[in-house]
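Colleague: Okay, predicted coordinates and the sequence, questions at the end:
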Amino acid sequence: MSRPATPEDVEEICLALPETELGVTWGDVPTFVVWQKPKPRGFVLYRKPYANAVDPATGEPYDDLLVVQTRGAADKEALVQGPGPFFTIDHFARSNAVLVQQSRLGELDVEELREVLTEAWLSVAPRRLAQEHFPDA
């Protein structure tokens, strides 16, 4: 088994994926994007604190959330219902994305995080690029 995942692993894993860079979306939100014409598509973004995602213990908005795309509703449901740190909120009801606190990434090992982030990349990557680098996906 590999070591527990860390927030630093997110950047390392995402930037190792083909044609990926750290850009911005939603005006100024740091987002890992893969290039797909006519514009890049985000697959992992750092979410700003909002009142619609709060810590139930304190009532304060989470300040360390990542939004992670999934390949579909079934994958989203599997992550949210699984034993890991992923969850969703009403705001994402019609989205195939999950949330995870960076402070809880250690509940995953690095290989589990790599798998989730690669699946997120595959959810938005151009088909040609995905087949070239992950033919079995």
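Modeller: Everything's here; your move. Since the structure is predicted, the reported quantities are computational estimates derived from the model, not experimental observations.
Colleague: For Asp75, grab the count of nearby residues.
Modeller: Burial of Asp75, expressed as a neighbour count using other C-beta atoms under 10 Å, amounts to 17. To be clear about C-beta, it is placed using only N, CA and C from the backbone, and glycine gets the same treatment.
Colleague: tell me the contacts of the spatially most central residue of the chain?
Modeller: Within the chain, one residue has its C-alpha closest to the average C-alpha position: by C-alpha atoms, centre = their mean, that is Val68, at 2.1 Å. Residues counted as contacts of Val68 (C-beta atoms under 8 Å, 6 or more residues apart in numbering) are Phe43, Val44, Phe86, Ala97, Val98, Leu99, Val100, Val116, Leu117, Ala120.
Colleague: rerun at 6 Å
Modeller: Under the criterion of C-beta atoms under 6 Å, 6 or more residues apart in numbering, the contact partners of Val68 comprise Val44, Val98, Ala120.
Colleague: what's the average pLDDT for the helix or strand where Leu117 lies?
Modeller: With secondary structure defined by DSSP states H and E, Leu117 is part of helix 110-124. Averaged across helix 110-124, the pLDDT comes to 98.
Colleague: helices or strands up against it?
Modeller: Counting contacts by 3 or more C-beta pairs under 6 Å, 6 or more residues apart in numbering; DSSP states H and E, helix 110-124 is packed against helix 7-16, strand 41-47, strand 65-69.
Colleague: Downstream of it, the next helix or strand is which one?
Modeller: Read in the C-terminal direction, the helix or strand following helix 110-124 is helix 127-133, with elements assigned using DSSP H and E.
Colleague: if we can go back for a sec, between the helices and strands packed on helix 110-124, which gets nearest to Asp75?
Modeller: Ranking those by proximity to Asp75 (C-beta to C-beta) places strand 65-69 first, at 9.4 Å.
Colleague: Run the chain-centre distance for that closest one.
Modeller: Per C-alpha atoms, centre = their mean, to the nearest Å, the displacement of strand 65-69 from the mean C-alpha position of its chain is 4 Å.
Colleague: got the angle for the helix or strand following that strand vs helix 110-124?
Modeller: Scanning forward in sequence from strand 65-69 by DSSP H and E, the next helix or strand is helix 73-81. Interaxial angle of helix 73-81 relative to helix 110-124 (axes from the mean of the first three to the mean of the last three C-alpha atoms, to 10 degrees): 150 degrees.
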